[in-house]
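Q: what shape does this take:
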Amino acid sequence: MQEEYITSLHEFDVLKQTNVSSNRALVLIFSAPWCQLCTPMKEFVESQRHDTPLDRCIANTPDSEELVEAFEVTKLPAVFVYSGGNLVGSTTGLDTETLKKLLTIATWNVKGLDAVEF
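A: Numbering: from 1, shown residues only. You can find the predicted model right below:
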């Protein structure tokens, strides 16, 4: 899987379960058509594929009320990074520095290395 649009918690759970056995980070991005920062964030995540093996799934907030509630999303874009089916961390807005750190930790986890707190 490279990119997938999801609308339900069940769809995300399936992706997360698949992530348990993959050697890739899973990045869930909450986005909306009206969100001015969402497109640059999605583009940034896409640009990180060169350094980080990752799969990207997007929850379009108008179509994903169940996910918005489950993840308690209050700001967009909201980005959640998983590795081995476990949450590494999350960030909101166009916080690319934090996202880079989360992707680095996810990559270390995939490789079986211990990550340090940042």
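
Q: C57 versus the most centrally placed residue in the chain, what's the distance?
A: Closest to where the C-alpha atoms of the chain average out (CA atoms, centre = their mean) is V27, at 2.1 Å. If you measure V27 against C57 using CB to CB, to the nearest Å, the figure is 7 Å. Heads up, the C-betas are built off the backbone N, CA and C, glycines and all.

Q: against which helices or strands is the longest helix seen in the chain packed?
A: If you go by DSSP state H, the chain has its longest helix at helix 96-110. Here helix 96-110 touches strand 25-31, helix 38-47, strand 78-83, strand 86-92, going by 3 or more CB pairs under 8 Å, 6 or more residues apart in numbering; DSSP states H and E.

Q: give me the contact list for the last one.
A: Right, the one you point to is strand 86-92. 25, 74-82, 98-99, 102, 105-106, 109 (CB atoms under 8 Å, 6 or more residues apart in numbering).

Q: any idea of the angle it forms with strand 78-83?
A: 160 degrees (axes from the mean of the first three to the mean of the last three CA atoms, to 10 degrees).

Q: now the angle from strand 86-92 to helix 96-110?
A: Using the same axes, to 10 degrees: strand 86-92 against helix 96-110 is 170 degrees.

Q: next: the longest one.
A: Helix 38-47 and helix 96-110 are oriented at 40 degrees to each other (the same axes, to 10 degrees).

Q: quick one: residues in contact with helix 38-47.
A: 27, 29, 31-32, 54, 56, 58, 76-77, 79, 94, 96, 99.

Q: farthest-separated two in these?
A: Greatest spatial distance in these: A32 and L54, 21.7 Å, computed using CB to CB.

Q: between those two, who's got more neighbours?
A: Between A32 and L54, counted using other CB atoms under 10 Å, the more crowded position is L54 (24 against 16).

Q: backbone dihedrals for the more buried one, please?
A: phi -150, psi 150 (degrees, to the nearest 10).
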